[in-house]
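Enquirer: next comes the sequence, and after it the predicted model I'd like to discuss.
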Amino acid sequence: MGASQRAQGGWITSLAVSGTNLFASTRQGGIFLSTDNGASWKKANSGLPKNTDFQCLAMSGPDLFVGAVEKGVFISTNNGASWIQVNAGLPQKAEILCLAADATNLFAGTYAAGRVFFSKNNGGWWANVSEGLPSPMSFSLSALVMSGTNLFLGSFRGVYSIRDNGATWTAINQGLPKEP
């Protein structure tokens with residue numbers, strides 16, 4: 001590809017969709033919004049710290065959440081026009097690696113000790129729901145996803161699930177490769 005054909009972009013860490021809005025989180029560049037299927041992008045950073053690695057995005061109804069390295073979680077209730085930090089109950093300087101959301105629940109996977117936190121009020125308060133995960137999970141959380149009332153966690157130690165916001169994680173690794 002020639003220099004004139006090189007795509008301009010950035011280090012995109014996550015994408016989220018809400019209706020006709022497409023959001024992209026970046027390392028050091030902030031959050032971007034496209035309303036025309038990616039033909040053009042504009043910054044959606046008002047209230048977000050500059051020079052921050054934004055790792056993940058999640059939608060919960062009309063609310064957009066972003067997780068950041070050493071900054072925790074932020075919420076936008078207006079398609080990224082403004083953001084507020086929602087970290088009550090999270091560790092100080094929480095490094096959020098992954099987020100998962102459904103209509104009423106929000107989960108955040110953190111770098112520090114590989115813990116998972118749960119909020120049922122849009123990040124107004126977070127509770128640690130890591131009981132039952134193998135220790136240490138540090139550096140290993142890579143993905144969270146909701147399916148109905150089930151939460152699934154992906155890590156270098158395999159896949160774990162927790163059902164109905166319960167208190168016990170279960171390894172579900174039958175047939176997956178072993179840890180290298």
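Expert: That came through fine.
Enquirer: can you pull out the low-pLDDT segments for the chain?
Expert: Where the chain drops to pLDDT under 70, the residues are 1-9, 112-113, 136-139, 164-167, 179-180.
Enquirer: try 50
Expert: 1-7 (pLDDT under 50).
Enquirer: residue 33: what's its closest spatial neighbour, skipping adjacent residues?
Expert: Using Cβ to Cβ, 6 or more residues apart in numbering and skipping the chain neighbours, the partner closest in space to residue 33 is residue 44 (4.3 Å). (C-beta placed from N, C-alpha, C; glycine too.)
Enquirer: I misspoke; the intended subject was residue 143.
Expert: Counting by Cβ to Cβ, 6+ apart, the residue nearest residue 143 is residue 154, at 3.7 Å.
Enquirer: now do the phi/psi pair for that neighbour.
Expert: Per-residue torsions, residue 154: phi -110, psi 140 (degrees, to the nearest 10).
Enquirer: cool, residue 119 as well?
Expert: phi -130, psi 130.
Enquirer: burial of it, as a residue count?
Expert: A total of 23 residues lie near residue 119 under the criterion other Cβ atoms under 10 Å.
Enquirer: could you double-check that it sits in contact with residue 102?
Expert: No. With contact defined as Cβ atoms under 8 Å, residue 119 and residue 102 do not form a contacting pair (11.8 Å).
Enquirer: now for residue 81: which residues touch it?
Expert: For residue 81, the contacting residues are 44, 46, by Cβ atoms under 8 Å, 6 or more residues apart in numbering.
Enquirer: that one and residue 61: what is the separation?
Expert: 17 Å (Cβ to Cβ, to the nearest Å).
Enquirer: and for residue 72?
Expert: 21 Å.
Enquirer: related to what we said a few turns ago, what's near enough to touch the residue nearest to residue 143?
Expert: Counting by Cβ under 8 Å, 6+ apart, the residues that residue 154 touches are 141, 142, 143, 144, 145.
Enquirer: the second one looks like it's in a strand, true?
Expert: Yes. With DSSP: H, G, I helix; E, B strand; the rest coil as the criterion, residue 142 is part of a strand.
Enquirer: just give me the neighbour total for it.
Expert: Other residues near residue 142 come to 12 when the count uses other Cβ under 10 Å.
Enquirer: just the last one next, same as before
Expert: By the criterion of other Cβ under 10 Å, residue 145 has 16 neighbours.
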